[in-house]
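Undergrad: My questions are about this predicted structure, shown below with the sequence.
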Amino acid sequence: MLMSSSISTKMTAAFIVVLIIVGGVGYYAGDMLARPTAYDEGYGKGYEEGRGKGYDEGYTKGYAEGKAAIPTPTPTPTPTPTPAVKPTLVIAMDTSSIVSLDPAQAYEFEGVLTDNNLYDKLVDFRGADCSTVYPELAESWDVSPDGKIWTFHLKEGIKFPSGTPLDADAIIFSLRRVVKLELTPSWVITQFGITEDSVKKVGDYDVEITLDDVYAPGMFLSCLAFPVASVVDPKVVMEHEVDGDMGNAWLTDHSAGSGPFILEKWERGTEIVLVENEDYWKGAPHLGKIVLKEIVEPLDQRMLLEKGDVDIAWNLLADQILDVEGKPGIDILRSPGFHLFYMGMNVVLSKPLSDERVRDAIRWAIDYDAIINEIVQGAAIKVQTIIPKGVAGYNPATPYSQDFEKAKQLLADAGYPNGFTVKLTTPATIAQIPTADIAAKIKSDLAKIGINVEIELLDYAELLTKYRAQSLEMVLGRWGSDYADPDANAKPFAHCNTTGPEAAVKQLAWRNMYTNARTTELVEKAAKELDEKKRMEYYKEITDIILDEGPFVILYQLLIQRAVRTYVDGLVVSPLTLEDFSVVRKLA
């Protein structure tokens, strides 16, 4: 078969190429074998010597320009982590009683609670322990040999959010401001004879306070731990002064403190909002914001808590606490509060009550356990002396229990074998405690020993007006300690040397027209006693006397109960309603 001319031509060309390649390889191989070594050395040397300087420079320049022409990769930036948003704590609370958030004026429980988280003081308590006062803004203090001059040495480097140093000038301004404004809680400070002139600067970070007499250290320091002694920023406050009010109107719904939180807003009837002080000198709090939602009705608080719309229900009633306790996601926090519920007996208006045997008979006739467990539904602890549990000087004696035979015998010995009639005045409730029910129980108990009790229901404000006028035969009342020192209870319950208008102390003993020279003397001695052991001995004698002879039936001490979601961590219930929210966390 004949091939085409084109194929024949291509094959001939390929054959020629192969011959050329093979021949070339052979020639090169033969040349390499035949060429002497000296030739290679001479060629290499000549090549190196002959390569001119221009070659190197050109090579280097070309390399550099070529490298520069290659684009440099842009490094991928490391992303900045987004700061974690701190959680918000929402509390359902009845804040309707608050008048002002100026620490020189705030006196309601919820008001001082709020201020306690906005401001710092020279000294403070820690957690639920109100028996010991610790340094806060003060690093230390000295007391003069005569016990009247206190010199406080401040921690240095603390600033207000405005940048103003918290120094001696700030302390002096704040205390003098309390004295000058003379608002409701100012007596806590001025009872020691403190005036504008008795607070002096003795160094940039040293303050001297002169008292009018010697006072027990625990008593004075406890009062300095009350929010009225909070330190405010002088510069910010005076920038908002109007008509000489030293910033009082502005501080009603603003803050100027160095505390862990700053007041963002107060919308009356709606909410109080606190935001964290990021530069707080003890370290920023765990919470970014606290919202105190004004929820007046405890039932509404409970519903919001159960739905998870709030983290804490502040004011639940005892029966509501029992209902929610044990439910998934809810815890109950408890602490004895410094509030005593009592019945006062006027020893002059009702002749039988002037006899201490009759008063003792009444104490033996009452069923305390039924009041605590059935009426108050466990929101109380049994205390029968006048200083609350948790305060230095507390006397744990509880000798009284219901004993009708003993009560009847005491009445007979006093000349009242058939009993007598007496009026008991009470409000329907005190702080949501059904005092009218307690009055009905007391009426029932006393009827069994022949005492006929006539119950008079009055509005609490009207009741207090009559009580302060010494015009009630028997009365149900509540006493809350203003500061965590036994003097805060010993003075009202046991100090009275005259029932006239000239009395130095016109409080509970005076209102019930009960005088006792011995307890009055002991109260005054204890307030000024520097020896703590001896001071406690005075209070032991005071409480024993009032327990046995006094014009009071101490029914119980209030048990504070807070309902919280289980993820709320670190909240410690304060007996003085001075909870510290800076240590509270919300767990994931």
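TA: Cool, the structure landed. Residues are numbered from 1 along each chain as shown.
Undergrad: CA atoms for contacts and neighbours, from now on please.
TA: Fine.
Undergrad: Next, the contact list for G570, please.
TA: When contacts are counted by Cα atoms under 8 Å, 6 or more residues apart in numbering, G570 touches V583, V584, R585.
Undergrad: what's near enough to touch the nearest residue to Y539 once chain neighbours are set aside?
TA: Counting by Cα to Cα, 6 or more residues apart in numbering, Y539 lies nearest to G393, which is 5.7 Å off, once chain neighbours are set aside. Contact analysis of G393 by Cα under 8 Å, 6+ apart lists I387, P486, M536, Y539, K540.
Undergrad: Which of these fall in helices?
TA: Members of those lying in helices (criterion: DSSP state H): M536, Y539, K540.
Undergrad: List phi and psi for G218.
TA: Phi and psi for G218, reported as degrees, to the nearest 10, are phi -60, psi -40.
Undergrad: Surely it is in contact with Y483?
TA: No: judged on Cα atoms under 8 Å, G218 makes no contact with Y483 at a distance of 10.4 Å.
Undergrad: On the three-state scheme, the residue nearest to Y539 is what?
TA: Classification of G393 using DSSP: H, G, I helix; E, B strand; the rest coil returns coil.
Undergrad: Check the gap between it and A361 for me.
TA: Distance, G393 to A361, using Cα to Cα, to the nearest Å: 26 Å.
Undergrad: Which strand runs longest in the protein?
TA: The longest strand of the chain (DSSP state E) is strand 330-345.
Undergrad: Next, the buried residues of that strand.
TA: By 16 or more other Cα atoms under 10 Å, the buried positions in strand 330-345 come out as 330-332, 334-345.
Undergrad: Output it as CSV - backbone C-alpha positions only.
TA: C-alpha atoms of strand 330-345 as CSV (Å, rounded to 0.1, in the frame of the first residue of the first chain):
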residue,chain,number,x,y,z
ILE,A,330,-36.3,29.8,93.6
ASP,A,331,-34.3,30.1,96.8
ILE,A,332,-35.2,31.8,100.1
LEU,A,333,-32.6,33.9,101.9
ARG,A,334,-33.2,34.7,105.6
SER,A,335,-31.6,36.7,108.4
PRO,A,336,-32.9,38.1,111.7
GLY,A,337,-33.8,41.7,111.2
PHE,A,338,-33.2,44.3,113.9
HIS,A,339,-36.9,44.9,114.4
LEU,A,340,-38.8,43.9,117.6
PHE,A,341,-42.6,43.6,117.7
TYR,A,342,-43.9,44.2,121.2
MET,A,343,-46.9,45.2,123.3
GLY,A,344,-46.5,48.3,125.5
MET,A,345,-48.4,48.7,128.8
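Undergrad: any idea which helix or strand comes after it?
TA: Next along the chain after strand 330-345, taking DSSP states H and E as the criterion, comes helix 356-365.
Undergrad: tell me the angle of that following helix relative to strand 330-345?
TA: Between helix 356-365 and strand 330-345, the angle comes out at 150 degrees (axes from the mean of the first three to the mean of the last three Cα atoms, to 10 degrees).
Undergrad: Any chance you could list what contacts helix 356-365?
TA: 345, 352-353, 400-404, 406-408, 410-411, 413-414, 445-446, 449, 548-551, 553.
Undergrad: Return a PyMOL selection command for the buried portion of these.
TA: In PyMOL, this line selects whichever of the contacts of helix 356-365 come out buried by 16+ other Cα under 10 Å:
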select buried, resi 345+352+353+400+402+403+404+407+408+410+411+445+446+449+548+549+550+551+553
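Undergrad: can you tell me which of the contacts of helix 356-365 are in helices?
TA: The members of the contacts of helix 356-365 that map onto helices under DSSP H are F404, K406, A407, K408, L410, L411, D413, D445, L446, D548, E549.
Undergrad: Quick check: the fifth one vs D403, distance?
TA: Same thing as L410. Relative to D403, L410 is positioned 11 Å away (Cα to Cα).
Undergrad: Highest neighbour count among the contacts of G393?
TA: Comparing those by number of neighbours (other Cα atoms under 10 Å), I387 comes first, having 29 neighbours.
Undergrad: Could you pull out the strands in the stretch 101-250 of the chain for me?
TA: Applying DSSP state E, counting those that start in this stretch to the stretch 101-250 of the chain gives strands spanning 123-126, 129-135, 138-143, 149-154, 199-203, 206-210.
Undergrad: Output stretch 168-180 in PDB, but only the C-alpha positions, please.
TA: The C-alpha trace of stretch 168-180 is given here as PDB (Å, rounded to 0.1, in the frame of the first residue of the first chain):
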ATOM      1  CA  ALA A 168      -9.900  65.100 104.200                       C
ATOM      2  CA  ASP A 169     -11.800  68.000 102.600                       C
ATOM      3  CA  ALA A 170     -14.500  65.600 101.300                       C
ATOM      4  CA  ILE A 171     -15.000  64.100 104.700                       C
ATOM      5  CA  ILE A 172     -15.200  67.400 106.400                       C
ATOM      6  CA  PHE A 173     -17.600  68.800 103.800                       C
ATOM      7  CA  SER A 174     -19.900  65.800 104.100                       C
ATOM      8  CA  LEU A 175     -20.200  65.700 107.900                       C
ATOM      9  CA  ARG A 176     -20.600  69.500 108.100                       C
ATOM     10  CA  ARG A 177     -23.300  69.300 105.500                       C
ATOM     11  CA  VAL A 178     -25.300  66.800 107.600                       C
ATOM     12  CA  VAL A 179     -25.000  69.100 110.600                       C
ATOM     13  CA  LYS A 180     -26.000  72.200 108.700                       C
END
